[in-house]
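# Dropping the sequence and predicted coords here.
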There are 2 protein chains.
Amino acid sequence: MRIAIDAMGGDHAPAAQVEGALLAAAEWSDTTVVLVGDSARIEPLLQGRKPANVEVRHASEIIEAEDEPVKAVRRKKDASMVIAGRMVKDREVDAMISAGNTGALMTTGLLVVGRIKGIERPALAPMLPSLDGEGVLALDLGANMDATPEQLVQYAIMGSIYRSKVHGLKEPRVGLLNVGTEAMKGNELTKAAYPLLEQAPVRFVGNIESRDILKKPCDVIVCDGFAGNIMLKSLEGAASVIFSVLKTEFTRTWYTKLAAAVVKKGIGQFRKKMDYNEHGAAPLLGVDGLVLKSHGSSNALAIKNAVRQARIAVSNELVSSIRVEISNGSE
Amino acid sequence: MRIAIDAMGGDHAPAAQVEGALLAAAEWSDTTVVLVGDSARIEPLLQGRKPANVEVRHASEIIEAEDEPVKAVRRKKDASMVIAGRMVKDREVDAMISAGNTGALMTTGLLVVGRIKGIERPALAPMLPSLDGEGVLALDLGANMDATPEQLVQYAIMGSIYRSKVHGLKEPRVGLLNVGTEAMKGNELTKAAYPLLEQAPVRFVGNIESRDILKKPCDVIVCDGFAGNIMLKSLEGAASVIFSVLKTEFTRTWYTKLAAAVVKKGIGQFRKKMDYNEHGAAPLLGVDGLVLKSHGSSNALAIKNAVRQARIAVSNELVSSIRVEISNGSE
């Protein structure tokens, strides 16, 4: 198996990418990791410890975090991210991982790797945190702001296959993000999507309200990118504010500091569960090849974990399973 | 001034409504409170302590919480809520307050009271909590799931007037709920609304991300009812889960219980600030008369506070100010 890592994307690139590649190569000898990026910066980091299953593929350009996605992907044809995408397209590698510019990665997926035939819009699918630590796969979260009812059905199918192939869930429950649980609740989009989801080849469990999402009422939740983003950022915002207030309360006096000490561990564990950056890389589902988005702040361990995720997805033929299911539906 | 209270709507009706009316009548002698509802149930509650400025208007029907809104308003022509709406329409009272079925109240506003000329859709505008306890007026929160860019502009105008007339803010800052702060972020709706808001007669401060809303980046936030609901329910859901986990952590052992005791007060005050039910009644803006929605669980004090809100809005000519501003815009 061969997996490309965009060595130049992310807050700690290329060091974290190089270290992550080394960790992955050491753990999985059947996997070759290809570091794509500026060889003049990558090679020195590998000095004296480059195993046979780590390769470097030079790329002369870098897509920066602040680059305008579509323009950057079109113009920087020799960017590490774009080359990694081309390697996926040409089947030189089985998957690519990038911690770089999210918009540019989605554009790379769409324009360089290309869509699976029959897929209208690829979707970015991170895991939302849940109380039990397992999480809910949410799509779309940012690739497409608006969606059609038919696209939500495709998201449901792709998300189900991902949860089943990569996480081993038998019959993943699919929910529709909505403002109430009754079938006829919602806006034009969700009202039209509901009956389609009932007919779709997924285990549809109905409408899910955003207030319940942390309790994991489903394994996959589908929504347009706008609503999904509003949900995610609201959850994050509330958590961040509440924890900052707690901190203030706990540091008010010596005895509140003492109080803090005794509950610190439990609260810390909970915070970690709630941190969606802890939940691994997000697949870009619907592109004709495996593209994983690692968080921008990924360290070496996060990169290694993304390689693990890619390995499972590749071994279980995620992309071809989606291809087959979607072509069945369009016959 | 005359204010109608739907005495039959709400979890604690009619007792809370009757007590609230008595409190209000005692505080404001220039205000007559009209309790609309089943006189056979209201009169006994008033026995022996009915001041001159409390009246009862009999209504033989009740709209229940589980009634289908439009059907209920159309069929139950003698329902307390509908009669109160008709009294607003006929200028028999200056305002109405109900803690009953929200959908039915919005329908009453739309079909019984009627829209202000030029208003496309009335909007329900509760206060979202903010860290400083002052809150952000959000509209629309549930009256209309979908919205047009032009409707968002009307929400912005109505919300600004409300914050200025009722809360005394000089130049309320208006934000657009969005997925990023840059002007061109968002879905079709927000991208089209942004330039219109820049031209509108409001102090538009740009896009606001839902993660920042608790920090009060604006005084009024506009959004379609679907996105607004997702935001509100996500904030509530996160807060509820976090506080329930805290409770578990704090009750784990005797020393965590001790720890809880020392920070309890501070956290309790914060929770109260974050509870949007504490932020008073929500106006239904854009109807041609003052309609206020009190929370379903309102007690007597909440009802009295809603009367206070209604008095301020009436004294400061909220509805006619909106009427004038909207007719200016449509010339």
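Arrived safely, thanks for sending. Numbering: from 1, shown residues only, chains lettered A, B, ... in the order given.
# For the lengthiest helix in chain A, buried residues please.
Scanning chain A for the longest helix, with DSSP state H as the assignment, gives helix A:225-250. Under the neighbour-count criterion of 16 or more other Cβ atoms under 10 Å in any protein chain shown, helix A:225-250 has A:225-239, A:241-242, A:245-246, A:249-250 buried. Just so you know, the C-beta spots here come from the backbone N, C-alpha and C atoms, and that holds for glycine as well.
# among these, which are within reach of chain B?
A:225-227, A:229-231, A:233-239, A:241-242, A:245-246, A:249-250 (Cβ under 8 Å from any Cβ of the partner chain).
# need the contact list for A:Gly186.
By Cβ atoms under 8 Å, 6 or more residues apart in numbering or on different chains, the contact set of A:Gly186 is A:178-180, A:194, A:207, B:145, B:226.
# So which of the residues you listed are in strands?
Here DSSP state E is the test, and those give A:178, A:207 as lying in strands.
# and which of the contacts of A:Gly186 is nearest to B:Val324?
Using Cβ to Cβ, B:Met145 comes nearest to B:Val324 of those, at 28.9 Å.
# so where's the stretch 201-331 of chain A shaky on pLDDT?
Scanning the stretch 201-331 of chain A for pLDDT under 70 picks out A:276-278, A:330-331.
# Would you state the strands of the stretch 151-300 of chain A in chain order?
A:173-178, A:203-209, A:220-222, A:282-285, A:290-293 (DSSP state E, counting those that start in this stretch).
# Got the domain ranges for chain A?
Here the domain parsing of chain A from automatic domain parsing is A:1-119+A:286-323, A:123-277.
# need these in CSV with distance to B:Val202, can you?
Listed next are the domains of chain A as CSV, based on distance: least, Cβ to Cβ, whole Å:
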stretch, distance to B:Val202
domain A:1-119+A:286-323, 30
domain A:123-277, 22
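# closest one to B:Leu45 among the ones you listed?
Short answer: domain A:123-277, nearest of the domains of chain A by Cβ to Cβ, at 33.5 Å.
# what's the spacing between the closest one and its chain's center?
Here domain A:123-277 is found 13 Å from its chain centre; the criterion is Cα atoms, centre = their mean, to the nearest Å.
# again with stretch A:99-115
The chain centre lies 12 Å from the centre of stretch A:99-115; the measure is Cα atoms, centre = their mean.
# gap between A:Pro69 and chain B?
12 Å (Cβ to the nearest Cβ, to the nearest Å).
# can you give me the helices for chain A?
With helices called from DSSP H, chain A shows them at A:15-27, A:39-46, A:69-75, A:80-89, A:102-107, A:149-167, A:188-199, A:225-250, A:254-274, A:300-315, A:318-329.
# Just grab the bridge partners of the residue nearest the centre of chain A for me.
Per Cα atoms, centre = their mean, the C-alpha nearest to the average position across chain A is that of A:Ala282, at 0.8 Å. As for beta bridges, A:Ala282 partners with A:Lys293 under DSSP bridges.
# Let's see the PyMOL selection covering just the buried ones among the contacts of A:Gly186.
Restricted to buried positions by 16+ other Cβ under 10 Å, the PyMOL selection for these reads:
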select buried, (chain A and resi 178+179+194+207) or (chain B and resi 145+226)
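# With respect to B:Asn328, which of the contacts of A:Gly186 is nearest?
When the contacts of A:Gly186 are compared for distance to B:Asn328 (Cβ to Cβ), B:Met145 wins out at 28.5 Å.
# picking that back up, what helices and strands are in contact with the longest helix of chain A?
Contact here means 3 or more Cβ pairs under 8 Å, 6 or more residues apart in numbering or on different chains; DSSP states H and E; on that basis helix A:225-250 packs against strand A:127-128, strand A:136-139, strand A:173-178, helix A:254-274, helix B:225-250, helix B:254-274.
# so what's A:Arg323 up against?
A:Arg323 makes contact with A:116-117, A:288 under the criterion Cβ under 8 Å, 6+ apart.
# What about A:Ser297, how many residues nearby?
12 (other Cβ atoms under 10 Å in any protein chain shown).
# Same check on A:Ile267?
18.
# My guess is it contacts B:Glu249. True?
Yes - under the criterion of Cβ atoms under 8 Å, A:Ile267 makes contact with B:Glu249 at 5.9 Å.
# Could you check how far stretch A:39-47 is from the centre of its chain?
28 Å.
# and the stretch 101-250 of chain A, which residues reach chain B?
Counting by Cβ under 8 Å from any Cβ, the residues of the stretch 101-250 of chain A close to chain B are A:131, A:142, A:145-146, A:177, A:179, A:186-188, A:190, A:209-215, A:224-227, A:229-231, A:233-243, A:245-246, A:248-250.
# one more time with 7 Å, if that's ok
A:131, A:145-146, A:177, A:179, A:186-188, A:209-214, A:226-227, A:229-231, A:233-239, A:241-242, A:245, A:249-250 (Cβ under 7 Å from any Cβ of the partner chain).
# Looking at the domains of chain A, which is nearest to B:Asp6?
Closest to B:Asp6 of those is domain A:123-277 (Cβ to Cβ; 22.8 Å).
# Bridge partners for A:Lys287, pull those for me.
Small correction: residue A:287 is Val, not Lys. When bridges are called by DSSP bridges, A:Val287 pairs up with A:Arg115, A:Leu285.
# tell me, how many neighbours does it end up with?
27.
# And for A:Val153?
22.
# Over to A:Gly118?
Neighbour count for A:Gly118, taken as other Cβ under 10 Å: 16.
# repeat for A:Gly142
Residues near A:Gly142, counting by other Cβ under 10 Å, number 23.
# again, but for A:Ser327
Residues lying near A:Ser327 (other Cβ under 10 Å) number 12.
# Can you give me every residue that contacts the closest residue to A:Ser29 other than its chain neighbours?
Of all residues not flanking A:Ser29 in the chain, A:Asn53 sits nearest, at 6.4 Å (Cβ to Cβ, 6 or more residues apart in numbering or on different chains). Counting by Cβ atoms under 7 Å, 6 or more residues apart in numbering or on different chains, A:Asn53 makes contact with A:25, A:29, A:31-33.
# In JSON lines: those, plus pLDDT and neighbour count.
Output for the contacts of A:Asn53, formatted as JSON lines (pLDDT from 0 to 100; neighbours: other Cβ atoms under 10 Å in any protein chain shown):
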{"residue": "A:Ala25", "pLDDT": "97", "neighbour count": "21"}
{"residue": "A:Ser29", "pLDDT": "96", "neighbour count": "10"}
{"residue": "A:Thr31", "pLDDT": "97", "neighbour count": "20"}
{"residue": "A:Thr32", "pLDDT": "98", "neighbour count": "20"}
{"residue": "A:Val33", "pLDDT": "98", "neighbour count": "30"}
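# which of those lies closest to A:Thr102?
A:Val33 (21.9 Å).
# got the contact list for A:Asp146?
A:Asp146 touches A:224, A:226, B:187-188, counting by Cβ under 7 Å, 6+ apart.
# go again using 10 Å as the cut-off
Contact analysis of A:Asp146 by Cβ atoms under 10 Å, 6 or more residues apart in numbering or on different chains lists A:121, A:140, A:189, A:224-227, B:186-189, B:191.
# Closest one of those residues to A:Glu19?
Nearest to A:Glu19 among these, with distances taken as Cβ to Cβ, is A:Asp140, at 31.5 Å.
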